[in-house]
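J.: This is the structure alone, sequence omitted:
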């Protein structure tokens, strides 16, 4: 059984393009609900996986989607969508079981994918006895804030 990678993507571009992408995701969502299989846009070749599962969005949001993929993010598929509709995107993804956590930005056809590596994951400890995480002298109930902090630092360091 696959580990599920949680993804969130925000598409940015002309309103007409965002509406078309919204319809694309609506179609994939409906097809997945009928077939109970992950989906790809019709214009993406079915060669490397990257299927969208459990697609959803909040009422009123256009161009902002959450979904799952097997094992790792499907950034290449998102690039194909962005190129077709001439839009940009920001993708956040996480699959802690496989030490996958990062953010991909695609702007003007340039992809920047920033993710945590082994050294980052080793920057904190989990105490099984107390069920808490320890990072830089502080105690946390969850590793979410720690991972976010580590990724923010990595992104800030890339800009310098």
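T.: Nice, thanks for sending it over. Computed from a predicted structure; not experimentally measured.
J.: C-alpha from now on. contacts and neighbour counts both.
T.: Fine.
J.: what's around residue 71, how many residues?
T.: 19 (other Cα atoms under 10 Å).
J.: who's in contact with it?
T.: Residues in contact with residue 71 (Cα atoms under 8 Å, 6 or more residues apart in numbering) are 2, 3, 4, 5, 95, 98.
J.: Could you find the closest non-adjacent residue to it?
T.: residue 3 (5.1 Å; Cα to Cα, 6 or more residues apart in numbering).
J.: pretty sure the one you found contacts residue 96?
T.: No. The criterion here is Cα atoms under 8 Å, and residue 3 misses it with residue 96 at 9.2 Å.
J.: if you count what's nearby, which of those two comes out ahead?
T.: Taking other Cα under 10 Å, residue 3 and residue 96 do not tie; residue 96 has more neighbours (17 against 14).
J.: Narrow the contacts of residue 71 to those in strands?
T.: Assigned to strands by DSSP state E, the following of the contacts of residue 71 qualify: 4, 5, 95.
J.: Which one (most neighbours) among those?
T.: Within the ones in strands among the contacts of residue 71, most neighbours by other Cα under 10 Å means residue 5, with 22 neighbours.
J.: so who does the closest residue to it other than its chain neighbours touch?
T.: Distance criterion Cα to Cα, 6+ apart; nearest residue to residue 5, sequence neighbours excluded, is residue 95 at 4.5 Å. Applying Cα under 8 Å, 6+ apart to residue 95 gives the contacts 3, 4, 5, 6, 71, 72, 101.
J.: swap in residue 134?
T.: Counting by Cα under 8 Å, 6+ apart, residue 134 makes contact with 124, 125, 126, 127, 140.
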